[in-house]
Structure formats: C-alpha cells, structure tokens
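> quick one, what's the 3D model for this:
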Amino acid sequence: QILRLNLMHLQEHLGRAMPGICIDIVLPSYCTDSDSILESIMRLKCSMPAFVKFWIVVDKNPNELHLVTVRALANRINRERFRKEGNYFVNVLNYGKNRGASYARNLGFNYSAADWALFLR
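Here you go, the predicted structure:
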C-alpha cells in the first residue's frame, strides 16, 4: 500500500505515469579499480518498463577516494538518467567498516522497498 501511494505521488510530481514494477539492484563495492565496471552496470537499461534503483554499498576501503569516486559517479548518472528517463536512480550507502560482501548485500536489501531485489557480485 505504501509503495503504491508513493508511486502515485511520484506520478503526480513528474506529470506522467510510471511503470508499475519496481526493481532494486544491490551491489557491494570494495575495489578501487571497479569504477568503470560500476558505471557500465549503472548504465544498463531494463528490458521491460520498470522503476529501477541501484543500491551501491561501499565497504570500507583502504583508499578513501573510492567512496568519493563512487558518490561522484552516482551523482553524474542520476543527473543524466533520472532527469532524462525519470525511472532510474542510484543510491550510495557507506557504513565505514569492512564487514564483507554478505553484510553489504543485507544492508542494501534492508533499504529496498521494491517488488524485486537483484544482487550483483
């Protein structure tokens, strides 16, 4: 019920109908050399009408620039895609400790409110 009401509110705000299915993609990110891979994943298009949210969960990385880089990438993707298409959004979560991929996936799933959640490795 809450999801349906939020979709109706979003449709009113955007002035157009939104697709009915919601998909959240949870992706842990630790490696600093994965930025190009992350960008490729965030630029994927859904083959069916859907509202897609990416949850990039940054595990504590020895290179502090990794979090800054991932946030900058997410902001750029959001500016380009959400304004243009209106149904894609990238969120970045960071919890400041290295707790591993399973903890990162669980954290991302806890933020999800979608019909479907996909976990990438």
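> quick one: the helices in this protein?
According to DSSP state H, the chain carries its helices in the segments 2-14, 35-42, 65-77, 83-85, 101-111.
> among these, which comes closest to W55?
For W55, the closest of the helices of the chain is helix 101-111, at 3.8 Å, according to C-beta to C-beta. Just so you know, the C-beta spots here come from the backbone N, C-alpha and C atoms, and that holds for glycine as well.
> thinking again about what came up before, can you add distance to V26 and mean pLDDT and give the helices of the chain back as TSV?
Shown next, in TSV, are these (distance: least, C-beta to C-beta, whole Å; pLDDT from 0 to 100):
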stretch	distance to V26	mean pLDDT
helix 2-14	17	67
helix 35-42	11	79
helix 65-77	14	87
helix 83-85	21	76
helix 101-111	3	88
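> mind putting the ones you listed into TSV with mean neighbour count and distance to I56?
What follows is the helices of the chain, written out as TSV (neighbours: other C-beta atoms under 10 Å; distance: least, C-beta to C-beta, whole Å):
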stretch	mean neighbour count	distance to I56
helix 2-14	11	21
helix 35-42	15	7
helix 65-77	16	6
helix 83-85	9	18
helix 101-111	16	8
